[in-house]
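Novice: This is a predicted model, with the sequence first.
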Amino acid sequence: GDSVTQMEGPVTLSEEAFLTINCTYTATGYPSLFWYVQYPGEGLQLLLKATKADDKGSNKGFEATYRKETTSFHLEKGSVQVSDSAVYFCALTVGTGTASKLTFGTGTRLQVTL
Amino acid sequence: GAVVSQHPSWVICKSGTSVKIECRSLDFQATTMFWYRQFPKQSLMLMATSNEGSKATYEQGVEKDKFLINHASLTLSTLTVTSAHPEDSSFYICSARDYREDGYTFGSGTRLTVV
């Protein structure tokens, strides 16, 4: 079956530090890949996505590149801010129908300190 | 962009009562919606897929009679937790897929506390 593996957190960084959150996947078909962010007490927000190999998703300074050869979609940001503190979920879906399900990783909590 | 409204955002109920959570797609039609449950500091667990005009598809291990799902229109799905007990306390989140954006939009979640 489909699965997503994320690095365990929490990840604690100082403001302006470089962030990497690793994500690898296994999929039965050709997946689309996503990163979602969840702020405390809220639902999930789409951060970025990539739908085919070598695509780079980017948003708000975050980037992730779809690497088919390594089945990875690592999230990076060059300089984190305190406001980036949240839980980050890597996810995939296979297929394009509206009934296609998202498969989530376990989430990685990021804590950024001054 | 696509917006999914979920309410209530939090609810406290007594053990043995039922609670209804609503999930609405505000600017698009959602033939399929998804209901998730999230335990503290854990990932989202898909409970069921809600299909407009037909029965929901439940994931393995989810009690159909406990978590009633109704998707009566293209913009509204409801989850009713029946005869709630403290172990049902959790954060429940709905989502829908919008064809226009080729992505999934999530509601803001409902914190259920059963006392």
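Specialist: Good, I have the coordinates.

Novice: For chain A, which segments count as strands?
Specialist: Assigned by DSSP state E, chain A shows strands spanning A:3-6, A:11-14, A:19-21, A:23-26, A:31-38, A:44-50, A:56-59, A:62-65, A:75-77, A:86-94, A:103-104, A:108-113.

Novice: List the contacts of the closest residue to B:Y36 other than its chain neighbours.
Specialist: In space, and not counting its chain neighbours, B:Y36 is closest to B:L44: 4.2 Å by C-beta to C-beta, 6 or more residues apart in numbering or on different chains. In this view, the C-beta of every residue, glycine as well, is placed from N, C-alpha and C. B:L44 makes contacts with A:44, A:89, A:104, B:36-38, B:93, as judged by C-beta atoms under 8 Å, 6 or more residues apart in numbering or on different chains.

Novice: Also A:L75?
Specialist: A:19-21, A:23, A:35, A:47, A:62-64, A:88, A:90.

Novice: Quick check: phi and psi on B:D88?
Specialist: phi -80, psi -10 (degrees, to the nearest 10).

Novice: Burial check on it, number of neighbours?
Specialist: 19 (other C-beta atoms under 10 Å in any protein chain shown).

Novice: now it: how far from A:G43?
Specialist: 19 Å (C-beta to C-beta, to the nearest Å).

Novice: do B:G53 as well
Specialist: Taking C-beta to C-beta, one finds B:G53 at 25 Å from A:G43.

Novice: from memory A:F89 sits against A:L44, does it?
Specialist: Yes. With contact defined as C-beta atoms under 8 Å, A:F89 counts as touching A:L44 (6.7 Å).

Novice: just checking, next helix/strand downstream of the helix or strand of chain B with the lowest mean pLDDT?
Specialist: Counting by mean pLDDT, DSSP states H and E, chain B has its least confident helix or strand at strand B:103-106, which shows a mean of 86. Moving toward the C-terminus from strand B:103-106, the first helix or strand encountered (DSSP states H and E) is strand B:110-114.

Novice: Note down every partner strand of that next one and its orientation.
Specialist: strand B:10-13 (parallel), strand B:90-98 (antiparallel) (DSSP bridges).

Novice: Just the residues contacting the first one, thanks.
Specialist: Outside of strand B:10-13, the residues within contact range by C-beta under 8 Å, 6+ apart are B:19, B:21, B:84, B:110-115.

Novice: Which two among these are spaced furthest apart?
Specialist: B:I21 and B:V115 (17.3 Å; C-beta to C-beta).
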